[in-house]
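Participant: Okay, here's the prediction I keep looking at, along with the sequence it came from:
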Amino acid sequence: PPLQIQEKIVEVLDKAQELIDLRKKQIELLDKLIESTFYDMFGDPVVNPKGWEEKQIGDIFEVKTGSTPSRKTKEYWDIQEVPWVKTNEVNNGVITSTEEYISFKALKETSVSLFPINTILIAMYGQGKTRGKVAMLGIEATTNQACAALLPTNKVNVNYMFNYLKVSYEELRRLGRGGNQPNLNLSLVRNFKVPVPPIKIQNEFAQKVEKIEETRELMQESLDEMEKNYNSLM
């Protein structure tokens with residue numbers, strides 16, 4: 001096209017990209033707002049300055065793990081019916097879909113377990129920075145053996161505990177033992193001590209997080225539309 005039209009195209013695309021970058025920044029700030037709200041209400045989780053009672057994870061949650069059905073059995077993998085989570089998908093967010101699925105036959109015939117919504121997952125090992133990361137299930141799903149699953153309980157607010165474990169990432173990583181790539185295991189996870197504030201305060205925190213997440217969801221929808229718009233402009 002003529003140079004003038006080229007310049008107009010670039011100008012329009014640049015403005016669209018600026019809006020996309022701004023929306024991404026806003027979403028990042030909302031994530032930081034949740035973390036800062038946690039610190040405001042509960043203090044540094046390592047120091048526990050408010051002196052909350054501490055309990056081992058195993059005293060609060062039933063802790064399980066998953067498994068990997070044999071890849072040699074095609075019936076376990078060819079029919080995609082049950083979500084199956086890998087540690088690379090455990091990335092400090094809520095899991096609503098998975099890269100791989102297994103069949104109901106695999107669920108019935110192997111040692112894999114189906115975990116309910118609001119189960120907290122901890123990556124016990126994996127590549128790079130994966131070990132120590134957490135996620136929460138927004139769907140019923142199975143996992144591989146590298147995930148520790150903390151089943152929902154009425155002893156704590158799971159949103160409080162999920163965010164506590166997120167900000168305790170480095171502490172969880174330091175639990176790992178062995179070799180060049182230290183790993184966590186179920187025993188280490190069960191013995192990990194966590195502060196347990198009064199349930200009223202946990203619930204107040206969870207309500208604040210819920211409002212922030214509602215805003216974040218709207219922002220994400222807006223970002224998706226902006227990216228679609230950018231692609232249509234292209």
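Facilitator: Structure received.

Participant: Let me see the ranges of the strands in this protein.
Facilitator: Here the chain has its strands, by DSSP state E, at 54-56, 63-65, 82-85, 94-95, 100-102, 120-123, 134-137, 142-143, 147-150, 193-195.

Participant: Tell me which of those is the most buried.
Facilitator: Across these, the average number of neighbours (mean count of other Cβ atoms under 10 Å) peaks for strand 142-143, which reaches a mean of 28. C-betas here are computed from N, CA, C, even on glycine.

Participant: Show residues contacting that strand.
Facilitator: Residues outside strand 142-143 that contact it (Cβ atoms under 8 Å, 6 or more residues apart in numbering): 65-66, 82-86, 102, 107, 112-115, 121, 149.

Participant: Identify the farthest-apart pair in those.
Facilitator: Leu107 and Leu121 (17.5 Å; Cβ to Cβ).

Participant: tell me which helix or strand of the protein sits lowest on mean pLDDT?
Facilitator: helix 169-175 (a mean of 87; mean pLDDT, DSSP states H and E).

Participant: pLDDT weak spots in the protein?
Facilitator: Within the chain, the stretches with pLDDT under 70 are 177-181.

Participant: 80 - rerun?
Facilitator: 126-128, 176-182 (pLDDT under 80).

Participant: for the helix ranked longest in it, packing partners?
Facilitator: Counting residues, the longest helix found in the chain (DSSP state H) is helix 3-42. Contacts defined by 3 or more Cβ pairs under 8 Å, 6 or more residues apart in numbering; DSSP states H and E place helix 3-42 against helix 158-167, helix 199-233.

Participant: Next, the angle helix 158-167 makes with the last one.
Facilitator: On the basis of axes from the mean of the first three to the mean of the last three Cα atoms, to 10 degrees, helix 199-233 is oriented at 70 degrees to helix 158-167.

Participant: List the buried residues of helix 199-233.
Facilitator: Using 16 or more other Cβ atoms under 10 Å as the test for burial, helix 199-233 gives 202, 205-206, 208-209, 216, 219, 223, 226.

Participant: Tell me which other helices or strands it touches.
Facilitator: Applying 3+ Cβ pairs under 8 Å, 6+ apart, one finds that helix 199-233 contacts helix 3-42, helix 158-167.

Participant: and it with helix 3-42, angle?
Facilitator: Using the same axes, to 10 degrees: helix 199-233 against helix 3-42 is 170 degrees.

Participant: residues in contact with the closest residue to Ile122 other than its chain neighbours?
Facilitator: Ranked by Cβ to Cβ, 6 or more residues apart in numbering and with sequence neighbours excluded, the top spatial neighbour of Ile122 is Ala148, at 4.4 Å. Contacts for Ala148 (Cβ under 8 Å, 6+ apart) come out as 63-65, 121-122, 124, 184, 186, 189.

Participant: picking up where we left off before, list the buried residues for the longest helix of the chain?
Facilitator: 16, 20, 23, 27, 30, 34, 38, 42.

Participant: In contact with the third one, which residues?
Facilitator: Put plainly, it is Arg23. Here Arg23 is in contact with 219, 222-223, 226 (criterion: Cβ under 8 Å, 6+ apart).

Participant: again, only using 10 Å
Facilitator: 219-220, 222-227 (Cβ atoms under 10 Å, 6 or more residues apart in numbering).
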